[in-house]
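Trainee: just coords:
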């Protein structure tokens, strides 16, 4: 039985993310429990994803469509869980979520960001809702799993001291990631992803394959000091050049590909307290991201997602 149904309308569609004000045929694409996903939702999400990574224009229309559809499904599942656990929201926290987002895109002030959105025909208030969903999801993960994070502070401190006592030059690295959650043999998936990167680039591959929240930003992690990386990642990063991609690195929940975008020498004075704080934060976030993937996977398994075949 075909899921897709058509509804033809002759009115302006209100309260949607982008400004559609023309007569348009609405097609039901998918359904998450009792919530439908239409072609309008997909078009909205496509423009949002292209805003974050215009390299997606390299993909076929079908591939962009599937990326947008899967992104909408994730958002609905997360929103349903948020509605169960949050009776009311904190406006101060919500504003901080928005600020972090537009600064990540390179804007210093909110009004500059809003002007940019207006030029791209994007409604700020509706974008704000999407970002708040991601922010509240992170709060859920923190509250549920923070007490399960395991960090050996003494071991980290010892490793940092040994590193800075060595005579080698000290570097920090600009990294991007692709996180996949398969448990079977990685060789065939590695070949598939490598060929895809060769054709479309790492950013587009991150959008398509990565399960991490960084996927919408083309897998971008940003600048990280060598001393904050895990031993397994250090061993891989130290063997590649700028522009190269590591072999798959096994994690507790799958595999990780890293791209070395750039590196630079650290010249400032060593501060053990600050270095320790940074590495503990990085390791905590890494573990929480793993818990986030596992928790979402569990929620999706218990959700009825109907899609047209």
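Mentor: Cool, got the structure. Small disclaimer: the values here were computed from a predicted structure and weren't measured.

Trainee: Who are the packing partners of the longest helix along the chain?
Mentor: The helix spanning the most residues in the chain, taking DSSP state H as the definition, is helix 272-301. Contacts defined by 3 or more Cβ pairs under 8 Å, 6 or more residues apart in numbering; DSSP states H and E place helix 272-301 against helix 61-85, helix 124-145, helix 153-165, strand 220-225. To be clear about C-beta, it is placed using only N, CA and C from the backbone, and glycine gets the same treatment.

Trainee: Off-centre distance for that helix?
Mentor: 13 Å (Cα atoms, centre = their mean, to the nearest Å).

Trainee: thinking again about what came up before, with respect to residue 257, which of the helices and strands packed on helix 272-301 lies nearest?
Mentor: strand 220-225 (11.8 Å; Cβ to Cβ).

Trainee: got the buried residues for that closest one?
Mentor: Across strand 220-225, burial judged by 16 or more other Cβ atoms under 10 Å covers 220, 221, 224, 225.

Trainee: what's the answer for stretch 178-198, then?
Mentor: Within stretch 178-198, judged by 16+ other Cβ under 10 Å, the buried ones are 178, 179, 180, 181, 186, 189, 193, 196, 197.

Trainee: I'd like the average pLDDT over it.
Mentor: For stretch 178-198, mean pLDDT is 85.

Trainee: What's the end-to-end length of it?
Mentor: Chord length of stretch 178-198, first to last residue, is 14 Å (Cα to Cα, to the nearest Å).

Trainee: now do stretch 218-233
Mentor: 20 Å.

Trainee: Identify all contacting residues around it.
Mentor: With Cβ atoms under 8 Å, 6 or more residues apart in numbering as the test, stretch 218-233 has contacts from 52-53, 55, 159-160, 163-164, 170-178, 202-207, 210, 212, 214, 234, 237, 249-250, 256, 258-259, 266, 275, 278-279, 282-283, 286.

Trainee: Kindly recompute the last result at 7 Å.
Mentor: With contacts defined as Cβ atoms under 7 Å, 6 or more residues apart in numbering, stretch 218-233 is touched by 53, 55, 160, 163, 170-178, 202-203, 206-207, 210, 214, 234, 237, 249, 258, 266, 275, 278-279, 282.

Trainee: follow-up on the earlier one: possible to save the buried residues of strand 220-225 as TSV with distance to residue 31 and pLDDT?
Mentor: Output for these, formatted as TSV (distance: Cβ to Cβ, whole Å; pLDDT from 0 to 100):
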residue	distance to residue 31	pLDDT
220	32	91
221	34	90
224	40	87
225	46	83
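
Trainee: Out of these, the closest to residue 301 would be?
Mentor: residue 221 (27.8 Å).

Trainee: ok, back up a step: going along the chain from the longest helix of the chain, find the next helix or strand for me.
Mentor: Using DSSP states H and E, the next helix or strand after helix 272-301 towards the C-terminus is strand 305-307.
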